[in-house]
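Chemist: test case, fold it:
(chains A and B)
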Amino acid sequence: MASSGVPALDKLLSDGYPEKSAVLVIGPPGIGKEALGYRFTQTGIAQGDFSLYVTKRSVHDVLRDAKGFGVDYQNRIPFLIAREGGQVKIDINDLAGVSFSVKEVLRANQERRIRIVMDIVSPLLVLNPSETVYKFLTQLINDVKQYDAVMLVMMEEGMHAPQVMAAMQELFDGVIEVKVFEEGIKIVPILRIRKMIGVALRPEYYRFSYSREFGVEVTPYAS
Amino acid sequence: MPASASPDLLADAFFGIIAVVNVAMFGYVAFRALRIRNALLVPLYRNQSLWMGAVALYWVIVYIPLVTNPLQANASVSYFLFIWLLAGNVFFLAFYDTQVRVARDSDPLERDILGWRYLRFALLAMVAVGALWAIVAIVPAVSATGLPPIGQLILFTAGISPIYIPLSVVSATAILIGSRRSGNPVTKRQLRWAGITTAVFFLLIIVVIILVSLWGGTVPLATTPGLIIAEVVILVLAFSMYKISKSLVLTSKFERLGLEQQFEN
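Modeler: Predicted coordinates:
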């Protein structure tokens, strides 16, 4: 298992994300689903894994955002494929180029256990036909299985057609939802694991929160 | 309504009802925005909700004295409102700034909008200079008129309006461009309403300037048609802010994922 970097989530997942798995994290903008990616890569680096972060943003923005969640990479930052400032620069308009860059990096680091965070799928789906992105992800998931990797893919809720979201969820081994739930005057961020291969799930809602003192927390939520 | 009701009484009633509706709407927007802020974890989006709540609260605080009208009795309230109106510049700038930055974040290509990363500092400098000018020049001039506090307040509002004009025009343009570029339908809707809010605010400034230039300090303010027009424009502003608050973040209902559905997994 690959530790998520969030102890309470590891407990829910029976010690972390399953090996050779691809997990989809869905949530609206602003809820902080990226925090799961930052914690995941930071823990991977600490364990000697090769951590790859693929993003449409600049490295400066990613590092600042990560710091906001108490993740200070200091000198041990993940390998970044980014629009600006990363080890590999990508043009989000060029899906073939993105695919090539990711594959090259995976091939070059196949000797180590690999952790991947993909934070570009939603913009890719806006800029390309969904079938093309679906093919790209299918190939990438095959690479994940081949290279002993674990991959987290972030997607924005409300950005894509329901049939696209359904097809994407089918493609992945696990699906984690981080949503803002509204109940009367209460508005709470909730985490829910919809599916996870090889893990017996307890179907419950969990409160998803962050504090400087305790970091990212996942605690049972009684509705 | 009694047949003998004077036009002034009708205008006062109309003015009062709209003011109460506006206070209620702005109050709700502030409450909802600050609740949403607590549910979000990303600083940019938390700030967006915070400043949205601050702008709504700004209007509530501007309105309560107008509804309860304590200005006749207490001049210190009007001085507080002078400061509050100036603070509004900061609230509005921060509100526009977070909206434009969210718009950029929501653009799949993350394009800068109208050079906003530099423009925001130019706008901040303009607001700071404007506030200084208001304190040094407008407050003494308005105080010297000898008008009742509410009259001074309206003159002061008109006096500081030129600061708001470039701020609202540039920001409305940037937000609406951002709305067109956004890849997320919920954010796109939210930004569209934010752009409309900013444009309505610009319209309000124009109405206030026209109102003050026609007023001349003689007609009772609360019954002039111009003031009622201003109230209606603020009502539109309150409604557009209400629409932003409804699309500030995509929310789900617990009912949609009831217990039965949970155990299906």
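Chemist: mind listing the strands the worst-scoring helix or strand of chain A on mean pLDDT pairs with, and their directions?
Modeler: When the helices and strands of chain A are scored by mean pLDDT, DSSP states H and E, strand A:215-220 comes last with a mean of 88. According to DSSP bridges, the neighbouring strands of strand A:215-220, each with its direction, are strand A:206-211 (antiparallel).
Chemist: got the buried residues for the partner strand?
Modeler: Neighbour-count burial for strand A:206-211 flags A:206, A:208, A:209, A:210 (criterion: 16 or more other Cβ atoms under 10 Å in any protein chain shown). In short, each C-beta sits where N, CA and C put it, glycine included.
Chemist: name the nearest of those relative to chain B.
Modeler: residue A:210 (4.9 Å; Cβ to the nearest Cβ).
Chemist: I figured that closest one hits residue A:66, correct?
Modeler: No. Taking Cβ atoms under 8 Å as the definition, residue A:210 is not a contact partner of residue A:66, at 11.9 Å.
Chemist: got any residues that touch both of those two?
Modeler: Overlap between the neighbourhoods of residue A:210 and residue A:66 is empty, taking contacts as Cβ atoms under 8 Å, 6 or more residues apart in numbering or on different chains.
Chemist: show me what the residue positioned nearest the centre of chain A is bridged to.
Modeler: When chain A is reduced to its mean C-alpha position, the nearest residue by Cα atoms, centre = their mean turns out to be residue A:152, at 3.2 Å. With DSSP bridges as the criterion, the beta-bridge partners of residue A:152 are residue A:23, residue A:117.
Chemist: tell me the pLDDT at it?
Modeler: Predicted confidence (pLDDT) for residue A:152: 95.
Chemist: mind listing what residue 17 touches?
Modeler: Reading this off chain A. Contacts were defined as Cβ under 8 Å, 6+ apart; by that measure residue A:17 touches A:1, A:2, A:4, A:23, A:40, A:150, A:152, A:174, A:196.
Chemist: how many residues are close by residue 12?
Modeler: Let's take chain A. 22 (other Cβ atoms under 10 Å in any protein chain shown).
Chemist: meant chain B, my bad for not saying
Modeler: Applying other Cβ under 10 Å, we find 14 residues neighbouring residue B:12.
Chemist: and the longest helix that chain A contains, what does it pack against?
Modeler: As far as residue count goes, and with DSSP state H defining each element, the longest helix of chain A is helix A:130-146. In this structure, helix A:130-146 packs against strand A:22-27, helix A:95-108, strand A:114-119, helix A:121-127, strand A:149-156, helix A:162-171, with contacts taken as 3 or more Cβ pairs under 8 Å, 6 or more residues apart in numbering or on different chains; DSSP states H and E.
Chemist: any chance of these in a markdown table, plus distance to residue B:235?
Modeler: Putting these into a markdown table (distance: least, Cβ to Cβ, whole Å) gives the following:
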| stretch | distance to residue B:235 |
| --- | --- |
| strand A:22-27 | 35 |
| helix A:95-108 | 47 |
| strand A:114-119 | 41 |
| helix A:121-127 | 36 |
| strand A:149-156 | 34 |
| helix A:162-171 | 36 |
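Chemist: out of these, which gets nearest to residue A:185?
Modeler: strand A:22-27 (21.8 Å; Cβ to Cβ).
Chemist: tell me the angle the closest one makes with strand A:114-119.
Modeler: 30 degrees (axes from the mean of the first three to the mean of the last three Cα atoms, to 10 degrees).
Chemist: run through who's touching strand A:22-27.
Modeler: Here strand A:22-27 has contacts from A:17, A:33, A:36-37, A:140-141, A:144, A:150-157, A:165, A:168-169, A:171-179, A:196, using Cβ under 8 Å, 6+ apart.
Chemist: which bits of chain B sit near chain A?
Modeler: By the rule Cβ under 8 Å from any Cβ of the partner chain, the part of chain B lying against chain A is B:32, B:35-36, B:38-46, B:48, B:102, B:105-106, B:108-110, B:183-187, B:249-254, B:257, B:262-265.
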